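A.B. asks: Next input, structure requested:
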Amino acid sequence: MDDSPTTDRRTYIKTVGATGLAGLTALAGCSSSSESNDSTGGSNTTGSSGNQSWRLGTSGPETATHASGVAMANVVSEQSEELSVSAQTTGGTASNPRLMSKGDIDVAQSTTWAGKRANTGQKPYGKPVGETITQVIPFMSLEYYLVKRDTEKLADVESVSDIPTDNSISMAFGQRGGTNYFAGLDGFRLSGIENPQDKYDIQSMSWGQQASSFRNGQLDIILTYGVSREVLTGWAQEVGSTTEVDVVTWEFDRDTLANSEHSYVYLETPADLWNQDLSVDTIPSVGVSYETVFPSSVSKERGYQFTSLVMDNIQQVRDASSVLSRAGPEFASEFLLRSPDLPVHPGAAKWYKEQDLWSEDLTSLEEYES
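C.D. replies: Reported below is the predicted structural model:
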């Protein structure tokens, strides 16, 4: 099975104008910098007056990742006379660092997992993508875990090691181009099960298709997620209202995850989000921080402008989707990844320091490059 995120721009990139937010408000759920370079960055389009137009890569149109991208694009485009941003759907958050480095998009919504791996050349990238990926604004966390149809066929499947390896159990982890797919595979690996893609029937499909196939009995187990430990994504809420489910637990603990090479966070999400009588009260999950990322060539001034405009108008981002209710300065400061392999963009770092939200265990771009 090919682990590489697909980057065919004809297949995955679709422009959504800055006015495209209305249809998303009901969603409940995916080289070095130069501080003196104040008007250009990467493949940004710059007009004769120094104005810029950015393409912000998001994820599938049914995701909160996309909703957040459209909301941020609206905020910046409305509030700035110099910077215009449009959101574009792509193959997923794992694809976006490579698309950004290739110049197919300018900035992106991605994850700390993808950003760190893109910089270090870990799977699925194979080698560093090129430009250094930097952190800007974490806006939500996703807590990935497995749920099963509560049927007699699956009665004995309580944890991942109980899942038969004879391809009799069909599973789906969302689209292969998203961080979600790799988080699902890594959940198995962290549970002591190597090469899960060779042992199980794991399919790749959109979240909407996955939900429909699960409700219709075509899938037995699906990867799902809570958002910021407060709410289920919209398609999962629909599954929970139409299908009896239970949790298939991972077999790792907080220490296992903390001591692994992965840039995940161990998070426990409340089981009562499902409004069903599940076999557990809290659900251990593979936690991933979702955030806006920039290539390092975006100027410090533009990075600061983007960060401050979004944070000053954070309620507009929160209003884009119920799962973005925790987005804001404190959440962003908590979920910036403390890693030498994923620096914070200089413009964002300036804003966090001004707000007294900077932590000394974060990595600046200057430290990363030295």
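A.B. asks: With adjacent residues omitted, what lies nearest to residue 293?
C.D. replies: Closest residue in space to residue 293, ignoring its immediate chain neighbours: residue 110 at 4.8 Å, by Cβ to Cβ, 6 or more residues apart in numbering. Just so you know, the C-beta spots here come from the backbone N, C-alpha and C atoms, and that holds for glycine as well.
A.B. asks: helix or strand for that neighbour, which one?
C.D. replies: Using DSSP states H and E, residue 110 sits in strand 107-111.
A.B. asks: Just checking: what are the partner strands of that strand?
C.D. replies: Strand 107-111 has the following strand partners under DSSP bridges: strand 52-57 (parallel), strand 282-295 (antiparallel).
A.B. asks: after it, next one along is what?
C.D. replies: Following strand 107-111 in sequence, per DSSP H and E, is helix 112-120.
A.B. asks: what angle separates the strand holding residue 110 from helix 112-120?
C.D. replies: With axes from the mean of the first three to the mean of the last three Cα atoms, to 10 degrees as the basis, strand 107-111 and helix 112-120 are set at 110 degrees to each other.
A.B. asks: Distance from strand 107-111 to the middle of the chain?
C.D. replies: 7 Å (Cα atoms, centre = their mean, to the nearest Å).
A.B. asks: Pull the residues that contact it.
C.D. replies: Contacts with strand 107-111, where a contact means Cβ atoms under 8 Å, 6 or more residues apart in numbering, come from 42, 54-59, 65-66, 68-69, 85, 90, 93-94, 96-97, 99-100, 133, 136, 139, 179, 288-295, 298, 306.
A.B. asks: Low-confidence bits of the chain, can you list those?
C.D. replies: Scanning the chain for pLDDT under 70 picks out 1-50.
A.B. asks: can you pull out the helices in it?
C.D. replies: 9-12, 64-79, 96-102, 112-120, 179-190, 196-199, 207-215, 234-242, 254-258, 300-312, 314-318, 329-335, 346-354, 365-369 (DSSP state H).
A.B. asks: Just the CA trace of the third one, in PDB.
C.D. replies: Read it as helix 96-102. Extracted in PDB, the C-alpha atoms of helix 96-102 (Å, rounded to 0.1, in the frame of the first residue of the first chain):
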ATOM      1  CA  ASN A  96      -0.300  20.200   2.300                       C
ATOM      2  CA  PRO A  97       3.300  20.600   3.300                       C
ATOM      3  CA  ARG A  98       4.500  19.100   0.000                       C
ATOM      4  CA  LEU A  99       1.900  21.100  -2.000                       C
ATOM      5  CA  MET A 100       3.100  24.300  -0.200                       C
ATOM      6  CA  SER A 101       6.800  23.500  -0.900                       C
ATOM      7  CA  LYS A 102       6.000  22.900  -4.600                       C
END
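A.B. asks: buried sites along it?
C.D. replies: Residues 96, 97, 98, 99, 100, 101 are the ones in helix 96-102 that count as buried (16 or more other Cβ atoms under 10 Å).
A.B. asks: ok so, going back, please identify the most buried of the strands paired with strand 107-111.
C.D. replies: strand 282-295 (a mean of 26; mean count of other Cβ atoms under 10 Å).
A.B. asks: Helix 179-190 and that one, what's the angle between them?
C.D. replies: Going by the same axes, to 10 degrees, strand 282-295 makes 130 degrees with helix 179-190.
A.B. asks: Kindly export strand 282-295 (C-alpha atoms) in CSV.
C.D. replies: Provided in CSV are the C-alpha atoms of strand 282-295 (Å, rounded to 0.1, in the frame of the first residue of the first chain):
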residue,chain,number,x,y,z
THR,A,282,-13.1,7.8,28.6
ILE,A,283,-11.5,6.9,25.3
PRO,A,284,-7.7,6.9,25.0
SER,A,285,-6.8,8.5,21.7
VAL,A,286,-4.0,9.5,19.3
GLY,A,287,-4.1,13.3,19.7
VAL,A,288,-3.1,15.5,16.9
SER,A,289,-2.8,19.3,16.9
TYR,A,290,-4.2,21.0,13.8
GLU,A,291,-2.7,24.3,12.9
THR,A,292,-1.9,26.9,10.3
VAL,A,293,1.6,26.5,8.9
PHE,A,294,3.7,28.7,6.7
PRO,A,295,6.9,28.1,4.6
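A.B. asks: okay, the angle between that strand and helix 64-79?
C.D. replies: Here strand 282-295 runs at an angle of 40 degrees relative to helix 64-79 (the same axes, to 10 degrees).
A.B. asks: Can you list phi and psi of residue 321 for me?
C.D. replies: phi -160, psi 140 (degrees, to the nearest 10).
A.B. asks: ok, now residue 155?
C.D. replies: phi -60, psi -30.
A.B. asks: For it, the count of nearby residues, please.
C.D. replies: Using other Cβ atoms under 10 Å, residue 155 has 10 neighbouring residues.
A.B. asks: ok, back up a step: which one, of the helices of the chain, ends up nearest to residue 148?
C.D. replies: helix 207-215 (9.4 Å; Cβ to Cβ).
A.B. asks: I'd say residue 341 and residue 119 touch.
C.D. replies: Yes: between residue 341 and residue 119 a contact is recorded at 5.3 Å, counting by Cβ atoms under 8 Å.
A.B. asks: So between these two, which is more surrounded?
C.D. replies: The neighbour comparison of residue 341 against residue 119 (other Cβ under 10 Å) goes to residue 119, with 24 against 18.
A.B. asks: Test of understanding: give the bridge partners of residue 55.
C.D. replies: What pairs with residue 55, by the bridge criterion (DSSP bridges), is residue 86.
A.B. asks: so what's it up against?
C.D. replies: So residue 55 contacts 15, 85, 86, 88, 104, 105, 106, 107 (Cβ under 8 Å, 6+ apart).
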